[in-house]
Each structure stands twice: as structure tokens, then as C-alpha cells.
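**Q** below is the sequence, then the predicted model.
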There are 2 protein chains.
Amino acid sequence: ECILVLNCGSSSLKYSFFDTSHPENVVHGHIERIGLTGTRLVQDGAKGEIVRELPQSGHAEAFDAMLGALVDKGAGVIPDASAISAVGHRVVHGGEKFTNSVLIEDTVLAEIEALNPLAPLHNPVNVLGIREARRIFAAVPHVAVFDTAFHATLPSHAYLYGLPHEYHEKKGVRRYGFHGSSHHYVALAAAQFLLKRPRELKIVSCHLGNGASLCAIDHGRSIDTSMGFTPGEGLIMGTRCGDIDAGVVSFLERTEHLTAAQLDEILNKKSGLLGLSAISNDMREVEHAADDGDLRALTALKTFCYRVRKYIGAYVAAMGGLDVLIFTAGIGQGSAGVRATALQGLQCMGIHLHEQRNREACDGRKISRISTDDSPVTVLVVPTDEERMIARETLRTLSRDYLVHASAAC
Amino acid sequence: ECILVLNCGSSSLKYSFFDTSHPENVVHGHIERIGLTGTRLVQDGAKGEIVRELPQSGHAEAFDAMLGALVDKGAGVIPDASAISAVGHRVVHGGEKFTNSVLIEDTVLAEIEALNPLAPLHNPVNVLGIREARRIFAAVPHVAVFDTAFHATLPSHAYLYGLPHEYHEKKGVRRYGFHGSSHHYVALAAAQFLLKRPRELKIVSCHLGNGASLCAIDHGRSIDTSMGFTPGEGLIMGTRCGDIDAGVVSFLERTEHLTAAQLDEILNKKSGLLGLSAISNDMREVEHAADDGDLRALTALKTFCYRVRKYIGAYVAAMGGLDVLIFTAGIGQGSAGVRATALQGLQCMGIHLHEQRNREACDGRKISRISTDDSPVTVLVVPTDEERMIARETLRTLSRDYLVHASAAC
Ligand SMILES: Nc1ncnc2c1ncn2[C@@H]1O[C@H](COP(=O)(O)OP(=O)(O)O)[C@@H](O)[C@H]1O
Ligand SMILES: Nc1ncnc2c1ncn2[C@@H]1O[C@H](COP(=O)(O)OP(=O)(O)O)[C@@H](O)[C@H]1O
């Protein structure tokens, strides 16, 4: 099977190609600045790289350009669009409706659109991407894989806020959680690496990228996660503030006379590492500045790590123990300093870091064990691969669907 | 010395009287519904009880009524106002300015007033109370004891939100924490009970009342606490929602067209146990309903306890270990069920509850050890006494001040 995985954003299109008969034949590509000047396609695969400047235009043209690169005589991987056997779509928000990946039919698409108010920045453009992809790959099944679905197993005491119950029951206000494909992928990869089944393990997964979240995975099921109703809750991120007293929001509205839209912009685009350090949303730059003695950068770094540490403690409490702690995504895979600082003092929970292994585990290509041999908790660095997880989910959904149809027929 | 402790609210006045030469001679009183119909004074002490209906009027009349009860021929404790040697005032917010209790002079009062924007519901009326008390007890020193001051030792990585740094530097937006007198009192009491010094212990104190907060006390110093910029952050409380995704606030503003003031009212007055259970803000009623099978009440109870558990885990991680866990305030002292549910699974952190001791520790008058004899962490129920702590702080501040003046003089 040849699976195309799509992640359509407001000004970007990321795509990946997986070929189940030729596992080495993987392609990753992205088109940036869609609708803006300087639109550009970059594709990288086993057969070579393609870089193309595109004329300023919309998503439809971007999808056509993607197809053009996939069928390119030189670095392309398929002869024509019909070689694709299924398309998997990353969809940010599945609400309470979608607790699993789903085959996309017209009714499903309408239901995803109905969730737009929950994720106004993401879902509408995910829907647009599905429409474009169905135009180009009209003959094949399309599957929606939701960032939220892995967290559908959260118990109510973990997903409820302390609000009047009708806000949950009538408006769907609750913790949803995101980064599901990443947490799911690294949990499976960690179990495989340890020759265990996921259902035997208590795992905390720390996805520390530009967006960042932790997830408590108890015997294979997500039971809590730090992102909430939106991806803005929880950890300090590149530009998002994470956990904050709601009273700060009303204080700023009252005393700074900021509108809701301005506040949204501040909390999501100007906060986090960028806001605390006044230097960058990029952890590498914050670390360099802190090394050079910049006090705000050092504070940003410590505050980031402290919050990771508190969430680890909270999730060990939530599961009543811990077997495996995973670091993943850009910062989790790349920064030995963040990992060491986040784990300070956690020996009391059986987490013993091996300093040298930790320092050496930064290439980000393979799984590394960074705990000591006698550490009760195994600490791993696991490179994430959300696209591969979406491809797997696409196949799993189609085979499940196939079985359902087959058993209905015979 | 005869110390009067005052806690002046918008429609209430609570007062306590302590006599250092006659420790048994304690009086607690309160006046309710000031400025409303049905104003009423209740005073209870070693010499008897006083209950008085008062005419509808303002704070000045309430203060006069208090003095009347204190000098009452029957159940009163002093011959006249001059018998009071010092007055301690509970002040909610000390901002970054007041990191310790302080002798009140005119400049200090102006500085407390300048903090009104940080605590618009509490500080203005605390200031009003100080003015009235200085009118009646003009000849004696008055001391302000701040709810926030005990948390002045928080490190920046614990008190900073992930906001642009200027919000902290210029506007004072940060975690302050509250309930300081209570956390301080129970930590000292626990250490004394265990024949240890506070500076030898890692303590987590759970103040679970109508307002509720946890505090991590590392070697005698508060290093983190769950209330934040306002008392609305952290745990689920009687009517406050506690931790919530700031995105929920903007979602509700956007989709429900609620104003900031309406939202404030919902998050602070209609949420928490009351909002989740749709029954009551009173934990006893929620527990009864849950026992009778009410699903929402059961969910409210579980959600309340789960959040306590996560904070305990977070603070064990923050301190790198734990020696003593304390439960206090109405729910903490009164509900064995809440304590047991909150501690489920925490054996992994060395917390072993003794079921029978826990069940029996509900009279709320003395300190009880409710952990097993071999539990690495000692779990205690400690009745809180914020008024006594304020009296002590008042004396400590005066003697410190006395020493400063004395050493300046000789
Ligand atoms: N070697 C490294 N050391 C520290 N941080 C790194 C390293 N490599 C990448 N990062 C950080 O990872 C973040 C991006 O992570 P990534 O997982 O690519 O994010 P996302 O997919 O959420 O956009 C950036 O903050 C970047 O600075
Ligand atoms: N025996 C008890 N069992 C359970 N909850 C109790 C008990 N006694 C008091 N409470 C609860 O304690 C809360 C009030 O605590 P308290 O410390 O008096 O609050 P505050 O001083 O913050 O107003 C109420 O929710 C009440 O239901």
C-alpha cells in the first residue's frame, strides 16, 4: 500500500509518503507560505531532494504542486496520482464525537466542520485540506486521524474543569488534549524497545517541541495530559504561556484595557519562552543566551523545566507509579540540559539519570536509554514520528472498516 | 499582653482575643450581614456566649458593637478598650512590597491601599477595617499580617507565569499565593508534634476549606503553592473553579457573549463543588448526595480529590521528597473520605494511610497521625488556627520592631 499523510495548515502543507512494500521509500515534503509571497516546496526522500519556488497562490495550487513533486521523474516516488492507495489526514480536533480515527465520508466531513468552534484556527483549514485531497485523489479512501482521539480514554475526573456541569454537558468544555499521535507513537516505540507490551507499563511521555505537552499513559491508555480545552494549557511553550490563573486574564482586561483578541494574541504568540526570555521561542537560542549569562533566558529555562518536573510528579501520583519516562520532539530529543534540569530531585520517584548517557543522547535518530542500569524507572529518548503514526492509523482504520463491511456481507 | 485579631470583610467582621497571661481566656466573635438586614453578632469565649441582633448599619457601628461585646459585664473579657495592648489585622494581599508582617503607620497604610488593584475585593475593606480599629484602639500598635507573605520565599521559577516578562516586572503579575497564616501555623504545629524543627522537614500542607490550597514547605520555607495571582487558581473549591485553560475563558466570551464581569462571577461564585455537583458548595452535602448515588456529586468529589492528589505529586517532585503531609481546614479536618480518596495510589511516594486512624480523626480538635507506623511519610490532621498565627505574628513583629528601635537608641 502507498499511504499519503497530509497535515494542512493555514499557510502550510506538510506531506509524507509511506510505501508498505518498500519501507525505505519514505518521502517528507512541505510547502510554506501558501497565499503569501515566497511560496516554496521542499521535498526530501530516498531518491533525492526537490526545492521549488512557487508563484503566490492558494491551497489548490499547493496541492497540485505537491502532486507534481510526488510524480517527478527524478526524485518522485509514484508514476501518477492513482498509485496512492489511501490518504491519512491529521485533524486537530475531534471533539467528543471522534474517539478514534475514521473513514471520511460526506457526513463525517460535515461533523468535523461542526467542530470548528472548538478549534477555529485549525479545523477549518484541515477540512479545506481534506476537500482538496479528495479532489486530487478522488478514487481512494481518506481517513481522518485526530490529535485528540488518543486522549478519549481520560476519566471524567481528569477531563472535567471545576465549572458548572452544563458547560461540559451542553458546550463540550472539557480537557481534550492534543499531540495524541506523538504520545501514542513514542509509547508504542518505547514498549517495543523494552520488549514489553504497552499494556504492561506506566508511562509518562514528555513531548517538548515548539508546542509541548505531557501525557500519562497507564497500561496503554492516556489517562491525563497537560494540554486542555485548547493547546494553550499546561507547559510553557515556544510562544504560549501554558497554565495561568484565569484571574490574570480578567486583571489584564481590566487594567490594560486589552480586548479578548489582543489577549489571545499575547497568551498564544508573545508568551512562553519568547515572552519570558525576550530573546526567542527557540530553545536553542534561549539555552545559548542562558549560557552567556542572560538572566531572563536562564529564568525562562528554569521555569520551563520546573513545570515539566511538576507535571511528571503529578502524573506519577495519578498512575500510582511509573515504569518508563519518555522525552521526545525537538527539545526532548535535542536538549540534554533540559532533560537533566527537569529531572532534578526525582530520584525520590525512582528516576535516576545517567549523566553521560543523557549528554550523548542528542542525535535524535534512534531510541536511547538515559537512565542508570539500576534505575527503577527507565528513562528513554524516543524520536517521535507523528506522520508514521497517522499512516499506521490510516491502515488500521481501513482494515477495521474492511472487516466490518466484510462481516456485514458474509 | 492582650491581642485583638481582626479580619474585616465586605459584609462581615471576625475577631479573636488572646491573652498571653491567661491562655485559656480566648474569645472568638463575628458580625455577619454588615450593611444588610439581619445584622448579628455572635461571640464565644471562656466566660460565655453573646448573641446580639444589631440594627442595619455600616462597619463603624459593627466595630462599636464588637467593643461592646468585649467589655460586656457578663461574657466580656476586658474592662475597657485600653486593656488591648496590640491589634493584628489580617490583610489579604501584600503584593511584592510586603514580604513580612509590618507595623502599620500612615505610610504603610497608603502602601497597602496602593495594592488595591491586585485584590479589589479584599484589600479595600481590609484597609477600612484598619481605619476603624485605629479609631477605637488609637493608643496601641496595629500590625498587618498578610496572607501572601509566607509565600514570599517562592523562587522565581515557581512564581512566574509564562507571560512576557514585563507583566511581572511592571505590573506585578505573578503567583502570590494565599492562606499563608494557615499553612505556616499547621507546619509549625506539625513540627512541634513530631518533636522536629520545621527546618528539618519537607512538608506538603493541604488547606481544604471553602477556599482551598496546597503549599510545599521545604525546610520551613514555602517554595510553591497552588493559589496564584488570585485565590481562584489551583484546587477546585466551594464555588471557585481552580485551574482552567485560559482558552476556555475566551471561548465562553466568544460563544456565550459573556462580559468579563459575568465570567468572573461564574468562575468564582458558581463553579467548583457547587457548579460540578449542582447541589452545594458544602462538601458535607456533596458527600451525602454522592453516598445517595448522585452521579454529579460523585464526579465533583472525585475531581476535587484527584486534583489534590496531582498537586501532592507535583510538590513531592518540586522538593525532591516528602517527610510530612498535613490535612487541615473544614474538609481536611472533617472528611476521612476525601483524605483517603486524595491519597489513593500514593504508596509509590511513601504515603501509607492507616485506614482506621484516618476514619477516627475527624473531631478536629487535636493533631492526629493517620499514617501507618512504618509509613516513610507521616500524614497528619492538624486543626488550623489562622487567628492564633496572626496574634503570634503581631507579637513577633512588635518585638522585632522593639529590638530595632532599642538598638537604634542604645
Ligand atoms: N538540539 C536542540 N537543543 C535544544 N532545543 C532544540 C534542539 N533541536 C530543536 N530544538 C527545539 O525544538 C523546538 C521545535 O521542536 P519541534 O518538535 O520541531 O516542534 P513542533 O513540531 O512542535 O513545531 C524548538 O524550540 C527548537 O529550538
Ligand atoms: N465533617 C466535615 N466533612 C466534610 N466537609 C466538612 C466537614 N466539616 C466542614 N466541612 C467543609 O469545610 C468547608 C469549610 O471549611 P472552612 O475551613 O471552614 O472554610 P473557610 O474558612 O475557607 O470558609 C465546607 O465545604 C464544609 O462543607
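**A** Yep, it's here. Keep in mind it's a predicted model, so treat the numbers as computed, not measured. Numbers count the residues shown, from 1 in each chain, chains lettered A, B, ... in the order given. Ligands and ions are numbered 1, 2, ... in the order given.
**Q** is it correct that A:S101 is in contact with A:T148?
**A** No - A:S101 is beyond contact range of A:T148, at 11.2 Å (criterion: Cβ atoms under 8 Å). From N, CA and C alone the C-beta is placed, and that goes for glycine too.
**Q** excluding its backbone neighbours, what's nearest A:H183?
**A** In space, A:H183 comes closest to A:C215 once its chain neighbours are excluded; the distance is 4.1 Å by Cβ to Cβ, 6 or more residues apart in numbering or on different chains.
**Q** and what of A:Y167?
**A** Distances taken as Cβ to Cβ, 6+ apart place A:V173 nearest to A:Y167, at 4.2 Å, with adjacent residues excluded.
**Q** count the neighbours of that neighbour for me.
**A** Counted with other Cβ atoms under 10 Å in any protein chain shown, the neighbours of A:V173 add up to 25.
**Q** then A:P23?
**A** If you count neighbours by other Cβ under 10 Å, A:P23 ends up with 8.
**Q** quick check: it vs A:A187, distance?
**A** For A:P23, the distance to A:A187 equals 21 Å [Cβ to Cβ, to the nearest Å].
**Q** helices along the stretch 51-200 of chain A, start to end?
**A** Residue ranges of the helices in the stretch 51-200 of chain A, as given by DSSP state H, counting those that start in this stretch, are A:59-70, A:106-114, A:123-136, A:156-159, A:165-171, A:180-193.
**Q** can you redo those helices as CSV with distance to ligand 1 and mean neighbour count?
**A** Below are the helices of the stretch 51-200 of chain A laid out as CSV (distance: least, Cβ to the nearest ligand atom, whole Å; neighbours: other Cβ atoms under 10 Å in any protein chain shown):
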stretch, distance to ligand 1, mean neighbour count
helix A:59-70, 19, 20
helix A:106-114, 22, 14
helix A:123-136, 16, 19
helix A:156-159, 23, 20
helix A:165-171, 28, 15
helix A:180-193, 9, 24
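**Q** just send those back as CSV, with distance to B:C305 too.
**A** Listed next are the helices of the stretch 51-200 of chain A as CSV, based on distance: least, Cβ to Cβ, whole Å:
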stretch, distance to B:C305
helix A:59-70, 48
helix A:106-114, 35
helix A:123-136, 34
helix A:156-159, 8
helix A:165-171, 17
helix A:180-193, 25
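**Q** closest to A:R240 out of those?
**A** With Cβ to Cβ as the criterion, A:R240 lies closest to helix A:180-193 of the helices of the stretch 51-200 of chain A, at 16.6 Å.
**Q** where are the low-confidence patches of chain A?
**A** Low-confidence segments of chain A (pLDDT under 70): A:364, A:402-410.
**Q** got the domain boundaries for it?
**A** Using automatic domain parsing, the domain ranges for chain A come out as A:2-146, A:197-386.
**Q** quick one: contacts for the residue nearest the centre of chain A?
**A** What sits nearest the mean C-alpha location of chain A, by Cα atoms, centre = their mean, is A:H179, with 3.2 Å. Residues in contact with A:H179 (Cβ atoms under 8 Å, 6 or more residues apart in numbering or on different chains) are A:147, A:207, A:211, A:213, A:215, A:225, A:227.
**Q** of these, which belong to strands?
**A** Taking DSSP state E, the ones among these that sit in strands are A:207, A:213, A:215, A:225.
**Q** could you measure A:E111 against B:G242, distance?
**A** As judged by Cβ to Cβ, A:E111 and B:G242 stand 32 Å apart.
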